[in-house]
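Novice: Requesting a structural model of the entry that follows:
(chains A and B)
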Amino acid sequence: MRRFLAGCIGLIMMVSQLPFATLAETPAVTDAAETENISSVVKYTDYISGYDAAQSEGFEQSVYQPSQYFGDASVTTVSGVEATVFYADESGAVYTVLVPKDGWYHIAVNYCPLESKSSEIQFSFKINGCVPYDEAENLTLNRFYRDSGIGFDFNGNDIRTAKSEIFDWNYTPLYDSFRIYSEPLLFHLQQGENQIGLDFTYAAVAIEYVSVYSASKSIGYREYTASVESNPDLVGPDDAVIIQAETPDYTTSKALYPTYDRQSSMTLSEDNTENSPRFLKLNTIGQSTWKQPGQTISYRFTLEKDGFYQIGIRAKQNEARGIFSTRRVRIDGEVPFDELSNLQVPFGNGWQIVMLGGDTPYSFWFSAGEHTIELEAVSGILGEYTNELEDIVALLNNLYREIIMVTGTSPDTYRDYKLERQIPDLQERMTGYSSFLQNIKDDILENGVQKGSDMVVIDQLVRLLDSFAEKPRTIPDRLSNFQDAISSFSSWILSLKEQPLEMDYIFIEKFGSEIRDANAGIIASVVFRIKMFLASFMGDYYEMSSEEYEDSPTLKVWVNLGRDQTQVISDLINNEFKPQYKVNVELSLVKQSLVTAIAADRQPDVSLYAGDIVNLAARNALLALDGIEGFGETKTWFSENAFLPYTYNGSVYGIPLEQNFLMMFYRVDIFSELGITPPATWEELCAVITTLQKNKLTAGIPASASIFEALLFQSGCSFYNEDYSATAFDDERAVAAFTKWTEFYTKYRLPQSYSVLVRFRSGEMPLFIDNYTTYNTLAVGAPEISGLWKMTAIPGTYDGDGRLDNTTVSGGSAGVILKSCKDTETAFSFLRWFASADVQAQYGINIENILGSGSRYDPANLEALSQMNWSAENAEILTAQIRQSSFEPVIPASYYVGRNLNNAYRAVTIKGQTPREALYSYNVDINAEIQRKRAELGID
Amino acid sequence: MKSDKKPIGKQIASNKTLYLMMVPFTVLFFTFTVFSVVIAIVLGFTDYNLIEAPQFVGFSNYVRMFLDDDLLLIAVKNTLIFAIVTGPISYFLCLFFAWMINEFPRFIRMILTFVFYAPSISGSIYIVWTYIFSSDSYGFINTVLMNLGLIADPVQWLSDTRYILPIVILVQLWSSLGTSFLAFIAGLQGIDAALYEAGAMDGIKNRFQELRYITLPAMGPQLMFAAVMQIGAAFSVSAICVALAGNPSVDYAAYTIVMHIGDYATTRYEMGYACALSTVLFAVMFLTNELVGKFLRKHTNL
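Specialist: This is a model prediction of the structure:
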């Protein structure tokens, strides 16, 4: 159906003789062919239909020795097996295979992951030196993790145990990384010698051999039943074998850890007992983490008797509304028959029993002994559409940008822009997109998606496009509707890619058993809830860990973060700090300010991610750290200025934990279209803004004082005078910086508030400056522009010697020790341990595993930053920039500086005061407050 | 809250069940209200940063308040504008809507009561106004005005000092039909129908005379209760200002006394001064209540 559809669209396009590439090809090419990001343009589906269907048969060959290798690849012995080893990223090898005739082949590799800081193994696949199609550009190999079962904490609640990686040999055919196609990828090889290249982008893997084999026809359920035992009376024993999902043999992601279900009394715990109303039981797996295609969980089980069995799972899919979540089931390493490539779990609020085979379960033949069953998240049928849908989002965004290049973002409603004449084929393109969308929608509905789900976003877009095409005059009027429709459409596509599923247990029972109930009856549920409510009065939920070692000191630690983050910290403490230092740690999640705790004399010894450090220090509540032994060495872990916001009166009171700083983001495609390069200096930035505005586009410079600070620091001016008794704003350089900053909004009239995600993806704002963590938001939230944008350092200023000063402005948080702490030595060693590169990196990686790459951690520790999952290029940019970062120094009267800078800024941009006058007059207020605070605190 | 006069021992003994029933409330009220008020008054005479022990400083906080606090003047000005505009208007709006709704049949009355009361029970629902008045050119009001061609650039609604206070007042009015409104409705329903009949006999000509001479005087307790609530609300407005205009708002355009107190207590670590400020605010509110009470006592059956 899909191929037919693509064909149809191609036909429509050709008939209407449109000048742009057909939708079946990568459409972004029309705009971005010149950019280096798009190297291959062929899609897998086109590749497959591009050659005739000549099947090769019965061929299989394994190649052990690569014919050449590069990067730091080498041939050595890994756990007794001779293999080619790739350690560093950007290494690779080429294998030569001799095939008997032209045809379709699958490729498989036998590999062993090696220890590495990166959590994936990624490579691009080449045949005779070129990537055959888009999907082969990024292929992944799994890493495997195993934990040591489920543990208990001192409250009697279950806790997770650490996952460690398994380094073992695995044989796997190559699949596409989104697991869209149920068969392994096909490659067309010519008769004779073929060069097969593997270029690793993320490495640390050993490859024993590469296997090339003929594509064989897979079998369906009917053929499967015909091929196994023929006596249907041989059924399994009466007792079902129950595999608890939370105790897998291995998983392919650290994020696939056991999770808590507190909703249903029927959810079984590790020991096959019912849910506990009082204790937190780790009784399921995958809750909100098992949704990325490719994530696999594998189990072992033993059967006592030969026979026919049926298999079912108790699962919950309450996240992907209206659509289903898909799994591929492998038994003993193979998909036994085609139907199991697409096990679909429909949306439902509660737990459901999903039988393999549905209402008439499949019968599986098992011999007695040990078996494995493996479930892999795959994109399935819906995944096939996401590629095309993402292409059309890119096209729609291009169209939107072409329109605003004529009308501007706030068009004059009373003017007729004659858009249909200004933009080539406007109406044809719109009707083309609209009918394409309509077709895709019908197609998706045919595939069993429930109508009335979030698919209304397609309807909205179709209606809008149709009415635009009919009356182009109304387009400027409804431009913002268009933009809204595009952005809700693209977030819907994002949700299509996810395959969420939570699993309680798998059961293997005698074939023909009655299908069991998924949920308890109403009365039982109510009783369970009442018990839970009563039990909630017992136990302390904020206490995350406690004593273990007798006669050892106990450290009281507060964490000012969310529950997930605190849990990760707790795990790190339990697994690493406690055994190493033999110190008890009492960790609590407290989101309250330290002040009230100090006033009540109930403060902790150490507070992580604390705020308002200087004010606490100025009032004698914190311990100065610079006198403590080992501080000097600790200082070298961070950038030069990292301690600035935690320093008061020359003493340091906090150890930096997080540091986020400004970076500049730009759209590569639009920049190359307009023939401009990303600005390196503020003057160049102004030139870029002019060019953008000539094309009715705009730039995003945040209306926060951080831009002023960046300009200030780059001009070599400090923030305060030497003894911090007054600001340095009467300096001529400060006035210049302030003037430059406000000019962005007065002279250039840049928007003062905007949503980056919306405007950057539509292309209306091809350049903006923001904290570098925005990168993650964009990477996750705007997949349709992935590869079309880059992050780079903020504009700089040339100093006297002609060096470019790129100093950026940071914000952050720190860990502190309170003055009331008795055992300062232990407290400092804890703080030092937590701020160290290893622990910070581990914390960051665990958090990213749990919360997704949208919440990548921003450690202040330089070494830890370089260990986050950034690509080599971005890691280099970030580590370079963090070394050139500065902070606004903090003094007790800092609150007054921020608010008056804002007042001065508004006085200029809104009331039209001259910058110099505004800055001076508010500066008087600031300095008066600084003096008052100094008098109050008895400085001078 | 006070107990009766002389032979206390005997009185308590004879009414001990009643005293017993009062115990839970009294204990809570004294520990969390009366005690805190007394503490605040005492701390008003000290210099206290919440961390180190308070230092007695005499009247210096009060001297500073009246002679050396420019921001307080802005806060007092804003609070007064706020109290004068929102207090009476919302009081009379409550009364008017309650009176109007009371005329409807039971079912419609129920629905209307819910509709008017909804904004004040839904907690911080007023943040929807930050979207309506968003400064983004895609904000609701900006989009509408720009589409109509009335403005060319987005208006910075909540950071332009000319608009901040009016917007906050508007939102406050929108969400103020709260407890007083319910009290009025209850009051209106509690009036004996016989009074109206008697009034008709005595020559009441129209609905407004009815309102003036029967309804309002009969609603004395509700009017008093609502007045106390409204005065309290008008003087202590701050949450809406913070949510809409930020704390502090640009150029202190929507800066009220309660925000000023909060600023000193939390941001500036000057709890002593904050306590002195709240003591004064307490006194002002108390006096206003007395004044309004006197007026109401004169004109209703209170």
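Novice: Please make it C-alpha for all contacts and neighbour counts, starting now.
Specialist: OK.
Novice: Give me the distance from stretch A:735-752 to the chain's centre.
Specialist: Centroid separation between stretch A:735-752 and its chain, computed with CA atoms, centre = their mean, to the nearest Å, is 34 Å.
Novice: and the stretch 651-800 of chain A, which residues reach chain B?
Specialist: With CA under 8 Å from any CA of the partner chain as the criterion, the stretch 651-800 of chain A meets chain B at residues A:751-754.
Novice: Looking at those residues, spot the one nearest B:Ala198.
Specialist: Distance to B:Ala198 across these (CA to CA) is lowest for A:Ser753, with 63.2 Å.
Novice: Could you list the contact residues of chain A toward chain B?
Specialist: A:410-413, A:477, A:480, A:595-596, A:598-599, A:619-621, A:751-754, A:893, A:895, A:899-900, A:902-903, A:906, A:910.
Novice: Just give me the neighbour total for residue 170.
Specialist: In the absence of a named chain, chain A is used. 16 (other CA atoms under 10 Å in any protein chain shown).
Novice: that answer is for a different chain, and I need it for chain B
Specialist: Residues near B:Leu170, counting by other CA under 10 Å: 13.
Novice: do the same with A:Thr360
Specialist: Counted with other CA under 10 Å, A:Thr360 comes out at 11.
Novice: Three-state assignment for it, please.
Specialist: With DSSP: H, G, I helix; E, B strand; the rest coil as the basis, A:Thr360 sits in coil.
Novice: Now do it against chain B, distance only.
Specialist: A:Thr360 sits 50 Å away from chain B, taking CA to the nearest CA, to the nearest Å as the criterion.
Novice: residues making contact with stretch B:70-81?
Specialist: Contact with stretch B:70-81 is made by B:65, B:234-235, B:237, B:252-257, B:260, as judged by CA atoms under 8 Å, 6 or more residues apart in numbering or on different chains.
Novice: Scan the residues you listed and report the most crowded one.
Specialist: Neighbour max across the contacts of stretch B:70-81 (other CA under 10 Å) = B:Ala254, 32 neighbours.
Novice: Just the pLDDT for residue 117.
Specialist: Reading this off chain A. pLDDT recorded at A:Lys117 is 65.
Novice: meant chain B actually
Specialist: For B:Tyr117, pLDDT reads 81.
Novice: element containing it, please.
Specialist: Under the criterion of DSSP states H and E, B:Tyr117 resides in helix B:106-121.
Novice: got the CA coordinates for that helix in CSV?
Specialist: Extracted C-alpha coordinates of helix B:106-121, given in CSV (Å, rounded to 0.1, in the frame of the first residue of the first chain):
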residue,chain,number,x,y,z
ARG,B,106,-33.5,27.8,41.0
PHE,B,107,-31.8,25.8,38.3
ILE,B,108,-30.4,28.7,36.3
ARG,B,109,-29.4,30.3,39.6
MET,B,110,-27.3,27.2,40.4
ILE,B,111,-25.6,27.3,37.1
LEU,B,112,-24.9,31.1,37.3
THR,B,113,-23.6,30.8,40.8
PHE,B,114,-21.2,28.2,39.7
VAL,B,115,-20.1,30.3,36.7
PHE,B,116,-19.4,33.4,38.7
TYR,B,117,-17.8,31.6,41.6
ALA,B,118,-15.6,29.3,39.4
PRO,B,119,-12.6,31.7,38.9
SER,B,120,-12.1,32.1,42.6
ILE,B,121,-12.2,28.4,43.5
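Novice: in it, what counts as buried?
Specialist: B:109, B:112-113, B:116-117, B:119-120 (16 or more other CA atoms under 10 Å in any protein chain shown).
Novice: Mind checking the pLDDT average for the helix or strand that it is followed by?
Specialist: As assigned by DSSP H and E, the chain's next helix or strand after helix B:106-121 is helix B:128-132. Mean per-residue pLDDT for helix B:128-132: 87.
Novice: for the contacts of stretch B:70-81, which one is nearest chain A?
Specialist: B:Tyr252 (8.7 Å; CA to the nearest CA).
Novice: Spatially, which residue comes closest to the closest one, not counting chain neighbours?
Specialist: With CA to CA, 6 or more residues apart in numbering or on different chains as the criterion, B:Tyr252 has its nearest non-adjacent residue at 7.3 Å, and that residue is B:Ile74.
Novice: sorry, back to before: out of the residues of the stretch 651-800 of chain A next to chain B, flag the one nearest to A:Gly350.
Specialist: For those, the nearest to A:Gly350 is A:Tyr754 (39.4 Å; CA to CA).
Novice: related to what we said a few turns ago, now the residue nearest to B:Tyr252: which helix or strand?
Specialist: helix B:70-102.
Novice: gap between that helix and the chain center?
Specialist: Counting by CA atoms, centre = their mean, helix B:70-102 comes out at 8 Å from the chain centroid.
Novice: for stretch A:685-700, which positions count as buried?
Specialist: So for stretch A:685-700, counting by 16+ other CA under 10 Å, buried means A:685, A:688-693, A:695-700.
Novice: So which of those belong to helices?
Specialist: A:685, A:688-693 (DSSP state H).
Novice: got TSV for these, with pLDDT too?
Specialist: Output for those, formatted as TSV (pLDDT from 0 to 100):
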residue	pLDDT
A:Leu685	95
A:Val688	95
A:Ile689	95
A:Thr690	94
A:Thr691	93
A:Leu692	93
A:Gln693	91
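Novice: From those residues, pick the one nearest chain B.
Specialist: Closest to chain B, out of all of these and judged by CA to the nearest CA, is A:Gln693, at 14.5 Å.
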